[in-house]
Each structure stands twice: as C-alpha cells, then as structure tokens.
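Student: curious how this folds, go ahead:
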Amino acid sequence: MKKEKKEVNKEVKRANLSFLQLIFPSFLLVLIPNTFGTNWIYPFVLKVLIFGYQYYIAQHFVDSMYN
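Tutor: This is a model prediction of the structure:
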C-alpha cells in the first residue's frame with residue numbers, strides 16, 4: 001500500500017504557526033511560580049522578558065496580516 005501525502009494549505013500552516021507563537025509565552029507565564037525561594041527578582045525579570053517577546057511577536061503578526 002502506498003501512503004498518500006496530504007498537502008496542507010500554506011495559509012493553514014501560517015495560521016497554526018502564528019497561534020503557537022502567540023500562545024506559547026502565555027503558557028510559560030502560567031507555569032512560572034511567583035517566587036524562587038525568597039527571591040522575587042528572577043521571576044519578575046523572566047516575566048518582563050517573556051512579555052517583551054509576546055509584544056514583538058504580536059506586533060509582527062499584526063503587521064504581516066494587515067500591511
């Protein structure tokens with residue numbers, strides 16, 4: 001038996017990749033505890049970096065869709 005190769009539409013691939021890029025950092029934020037022992041600086045810095053990443057990805061996504 002020969003397997004048939006399914007072709008995935010290019011727009012579907014792009015939509016799935018965009019969704020993954022937008023949702024993954026939010027998922028990481030949920031997993032990060034508020035403190036590591038008694039230190040609050042590390043989680044705060046990590047959350048700020050992840051927020052910056054989310055902002056960049058969302059901005060790029062909007063620009064690519066509407067410009």
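Student: how close does residue 3 sit to residue 10?
Tutor: Here the criterion is Cβ to Cβ, to the nearest Å. By it, residue 3 lies 22 Å from residue 10. All C-beta spots, glycine's among them, are computed from the backbone N, C-alpha and C.
Student: neighbour-wise, which of these two wins?
Tutor: Regarding residue 3 and residue 10, a neighbour count based on other Cβ atoms under 10 Å identifies residue 10 as having more, with 8 against 5.
Student: any idea how far the host helix or strand of residue 17 is from the chain center?
Tutor: Of the helices and strands defined by DSSP states H and E, residue 17 is found in helix 10-31. Relative to the mean C-alpha coordinate of its chain, helix 10-31 is positioned 4 Å out (Cα atoms, centre = their mean, to the nearest Å).
Student: give me the helices and strands touching that helix, please.
Tutor: Under the contact criterion of 3 or more Cβ pairs under 8 Å, 6 or more residues apart in numbering; DSSP states H and E, helix 10-31 touches helix 41-66.
Student: measure how the helix it packs on sits relative to helix 10-31, angle-wise.
Tutor: For helix 41-66 and helix 10-31, the angle between their directions (axes from the mean of the first three to the mean of the last three Cα atoms, to 10 degrees) works out to 160 degrees.
Student: elements contacting helix 41-66?
Tutor: Under the contact rule (3+ Cβ pairs under 8 Å, 6+ apart), helix 41-66 is packed against helix 10-31.
Student: what sits up against the helix it packs on?
Tutor: 47, 50-51, 53-54, 57-58, 61 (Cβ atoms under 8 Å, 6 or more residues apart in numbering).
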